[in-house]
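1. Everything below, folded, please.
(one chain, ligands or ions: 1)
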Amino acid sequence: MKKMGIIFGSLIFVLAAVLAVFAVAGVQKSKSLQQEMKRMNRQINKMQKTSESLEEELEALKEAKREEAAGAGQEAGTAEGAQAADAQEADAQEAPPADQKSSGRKVAIDPGHQGPGADTGGTEPLGPGSEEMKDKFASGTQGVYTGVPEYELTLAVSMQLQEELKNRGYEVIMTREDNDTAVSNVERAQIADENGAQILVRIHADGSEDNSANGAMTMIPSADNPYVGQLHEESSRLGEEIINAYCQATGIKNNGVRLYDNMTGINWSTVPVTILEMGFMTNQSDDERMQDPEMQKNMVQGIADGIDAYFVTAQ
Ligand SMILES: [Zn+2]
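-> Below you'll find the predicted structure:
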């Protein structure tokens with residue numbers, strides 16, 4: 001009976017170690033973990049053969065532990081198991097923490113426009129190889145009711161978004177972090193590309209002659225875009241996730257995802273790209289809401305939620 005107890009005890013330790021590896025890693029995708037699992041399963045099978053009578057108990061125990069691990073995650077019991085199973089402990093500690101789901105994801109944030117002090121001027125091709133030239137810089141719109149220029153709003157929201165995304169585990173590339181730096185539309189796309197960003201999210205606000213026009217939208221390239229048509233599908237998904245999460249978080253009217261093939265900063269992108277027009281600065285309600293610090297928090301949460309949603313299903 002003593003021998004049985006030792007075998008049974010060892011089984012518990014091995015099981016606990018297996019579960020600890022799952023709990024600490026939190027990810028089933030890791031190949032090395034799968035190999036480790038297979039190795040441990042082989043050990044378990046070996047031990048099962050030494051005692052037929054333990055098999056049924058073992059199965060029941062395994063099932064219970066699986067449920068426990070699935071439900072509660074890291075528990076004291078499994079942590080103790082990991083300490084006991086010293087051979088497996090080292091491997092388990094090398095696994096990444098379970099809560100860093102966004103780890104390694106790089107996002108480029110592009111705050112639209114720049115201040116009047118920036119050195120602007122000149123033209124650049126509409127897309128790679130294009131003979132059509134467009135202004136390198138655009139001055140943007142302005143809050144008709146608040147008086148705040150678009151470049152200040154886009155930077156304010158983008159800086160908060162950078163912070164929020166970092167907190168969520170993303171690496172963030174900013175195309176500008178002040179109002180005096182002149183970054184052309186082509187350069188904005190290039191900064192994202194050169195820094196290995198996986199997506200480019202451009203932050204803007206809208207303006208209209210009609211001050212009743214209101215709401216937010218995202219702009220993406222069409223499938224027929226000669227420069228970035230191949231990015232249409234993923235950009236569409238990105239634009240959709242962002243506009244839906246943004247409007248849900250803010251209550252700003254959802255004008256959906258729209259196709260634009262005449263935007264230099266989109267046409268030069270090498271990664272899925274979208275422009276978020278956060279609302280109309282020429283509409284009193286949108287303009288005033290977008291300057292409300294509490295609302296800006298919601299705007300930032302919404303955009304970050306949309307980016308999260310995009311990456312949940314990204315390849
Ligand atoms: Zn703009």
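
2. My guess is residue 133 contacts residue 127. True?
-> No - shown here, residue 133 and residue 127 do not form a contact pair, counting by CB atoms under 8 Å, at 10.9 Å. Placement of C-beta: from N, CA and C, glycine included.

3. more crowded one of those two?
-> The neighbour comparison of residue 133 against residue 127 (other CB atoms under 10 Å) goes to residue 127, with 23 against 12.

4. so who does the more buried one touch?
-> Residues in contact with residue 127 (CB atoms under 8 Å, 6 or more residues apart in numbering) are 226-228, 264, 267-268.

5. Which parts of the chain are helices?
-> Per DSSP state H, the chain carries helices over the ranges 2-25, 31-50, 55-72, 76-84, 86-94, 150-167, 185-194, 232-250, 264-267, 284-291, 293-312.

6. can you list contacts of the shortest one?
-> Spelled out, it's helix 264-267. 110, 124-128, 130, 134, 184-186, 188-189, 202, 219-221, 225, 227-228, 260-261, 273, 275.

7. Of those residues, just the buried ones, ChimeraX syntax please.
-> Buried residues within the contacts of helix 264-267, by 16 or more other CB atoms under 10 Å, are selected in ChimeraX with:
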select :110,124,125,126,127,134,184,185,186,188,189,202,219,220,221,225,227,228,260,261,273,275
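
8. which one of the contacts of residue 127 is nearest the ion?
-> residue 264 (12.6 Å; CB to the ion).

9. What's the separation between the closest one and residue 178?
-> 22 Å (CB to CB, to the nearest Å).

10. Which one's more surrounded, those two?
-> When neighbours are counted by other CB under 10 Å, residue 264 and residue 178 differ, and residue 264 comes out ahead with 26 against 13.

11. For residue 291, which non-adjacent residue is closest in space?
-> Among residues not flanking residue 291 along the chain, residue 146 sits closest, at 4.8 Å (CB to CB, 6 or more residues apart in numbering).

12. before we move on, back to that, quick check: the farthest pair among the contacts of residue 127?
-> 226 and 264 (13.3 Å; CB to CB).

13. for the residue nearest to residue 137 when sequence neighbours are not counted, what are its contacts?
-> Excluding the flanking residues, the one nearest residue 137 by CB to CB, 6+ apart is residue 120, at 3.8 Å. Residue 120 makes contact with 114, 136-137, 139, 182, according to CB under 8 Å, 6+ apart.

14. Of the residues you listed - the most surrounded one?
-> Greatest neighbour count in the contacts of residue 120, by other CB under 10 Å, goes to residue 114: 25 neighbours.

15. gap between it and the ion?
-> 11 Å (CB to the ion, to the nearest Å).

16. which residues does whichever residue of the chain sits closest to the ion contact?
-> Residue of the chain nearest the ion, by CB to the ion: residue 204 (3.5 Å). For residue 204, the contact set (CB under 8 Å, 6+ apart) comprises 112-113, 140, 150, 154, 275-278.

17. For it, give the beta-bridge partners.
-> Beta bridges link residue 204 to residue 277, judged by DSSP bridges.

18. Roughly how far does it sit from residue 129?
-> Computed with CB to CB, the distance linking residue 204 and residue 129 is 26 Å.

19. Using the record's assignment, carve this protein into domains.
-> 2-94, 106-312 (automatic domain parsing).

20. Which of those has the lowest mean pLDDT?
-> Among the domains of the chain, domain 2-94 carries the lowest mean pLDDT, at a mean of 49.

21. Do I have it right that residue 177 meets residue 163?
-> No - contact criterion CB under 8 Å: residue 177 and residue 163 do not qualify, at 11.8 Å.

22. Could you tell me which residues of the protein lie near the ion?
-> 112, 140, 204 (CB under 5 Å from the ion).

23. Recalculate using a threshold of 6 Å.
-> Residues of the chain lying near the ion by CB under 6 Å from the ion: 112-113, 140, 150, 204.

24. What's the end-to-end length of stretch 225-236?
-> Distance between the two ends of stretch 225-236: 13 Å, counting by CA to CA, to the nearest Å.

25. so who does residue 306 touch?
-> Listed by CB under 8 Å, 6+ apart, the contact partners of residue 306 are 238, 241-246.

26. mind redoing it with 10 Å?
-> Neighbouring residues of residue 306 by CB atoms under 10 Å, 6 or more residues apart in numbering: 201, 218, 238-249, 274, 276.

27. Please convert the buried members of those into PyMOL selection syntax.
-> Those of the contacts of residue 306 that count as buried under 16+ other CB under 10 Å are selected in PyMOL with:
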select buried, resi 201+218+238+239+240+241+242+243+244+245+246+247+249+274+276
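
28. Count residues in the vicinity of residue 118, would you?
-> Neighbour count for residue 118, taken as other CB under 10 Å: 17.

29. my read: it touches residue 155, true?
-> No - using CB atoms under 10 Å, residue 118 is not in contact with residue 155; the gap is 11.8 Å.

30. Mutual contacts of these two, please.
-> Joint contacts of residue 118 and residue 155 (CB under 10 Å, 6+ apart) are 176, 178-179.
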